[in-house]
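K.L.:
My questions are about this predicted structure, shown below with the sequence.
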Amino acid sequence: MSVSNKKILSQEDISRLSSEYLNEGRKLEDWEITYVEIEEKTLTARVRMRSHFISPTDSSGFHLTIFSTLEFLSQLTIIHAHVWAGLTDKTMEGWMIECSISSKRPIRDPENIEVRMEVSSIKKLGDNILSITNSQVTDSGGLFEARLKGFLS
């Protein structure tokens with residue numbers, strides 16, 4: 001005879017077990033791109049956090065999240081594709097097809113986030129642009145690696 005491990009959690013249980021960051025802190029994160037340089041298929045940029053959340057369970061203070069990283073890498077991909085297409089204003093919508101981000105070492109400096117994006121493939125497909133990028137996001141000791149595939153239409 002097997003014993004059921006089923007447990008139904010109450011709202012109180014859910015609340016006690018939930019991440020404060022995901023429930024509230026995420027909404028406090030705000031970043032800005034302060035510098036962009038594009039040379040052919042290489043984009044370098046600097047990003048800083050205008051505001052951020054510090055988790056009460058992270059004794060080391062600030063750490064960059066994958067969520068904010070995905071946002072600013074998406075924005076940089078959109079910027080690169082528009083520049084590549086010779087456009088000076090955003091006229092196309094970006095659509096994420098797939099992405100992966102690995103946190104190799106935590107990024108702890110909210111003021112000095114560096115991005116190096118290599119565009120491994122970019123091409124026009126009719127009125128659309130397909131772009132595949134590989135990026136490294138760093139500070140003085142942290143490292144995230146990311147691959148984004150998306151199109152603009």
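P.N.:
Received, thanks.

K.L.:
Tell me where the model's unsure across this protein.
P.N.:
Under the criterion pLDDT under 70, the flagged ranges of the chain are 1-4.

K.L.:
longest helix of it?
P.N.:
With residue count as the measure and DSSP state H as the assignment, the chain has helix 66-84 as its longest helix.

K.L.:
Can you name the element that comes right after that one?
P.N.:
Per DSSP states H and E, the first helix or strand lying C-terminal to helix 66-84 is strand 94-105.

K.L.:
what comes up buried for that next one?
P.N.:
Neighbour-count burial for strand 94-105 flags Gly94, Cys99, Ile101, Ser103 (criterion: 16 or more other C-beta atoms under 10 Å). Quick note: C-beta positions are derived from backbone N, CA and C, even for glycine.

K.L.:
can you check stretch 118-126 too?
P.N.:
Within stretch 118-126, the residues scored as buried using 16+ other C-beta under 10 Å are Val119, Ile122.

K.L.:
do the same with stretch 145-153
P.N.:
Buried residues in stretch 145-153, counting neighbours by 16+ other C-beta under 10 Å, are found at Ala146, Leu148, Lys149, Gly150, Phe151, Leu152.
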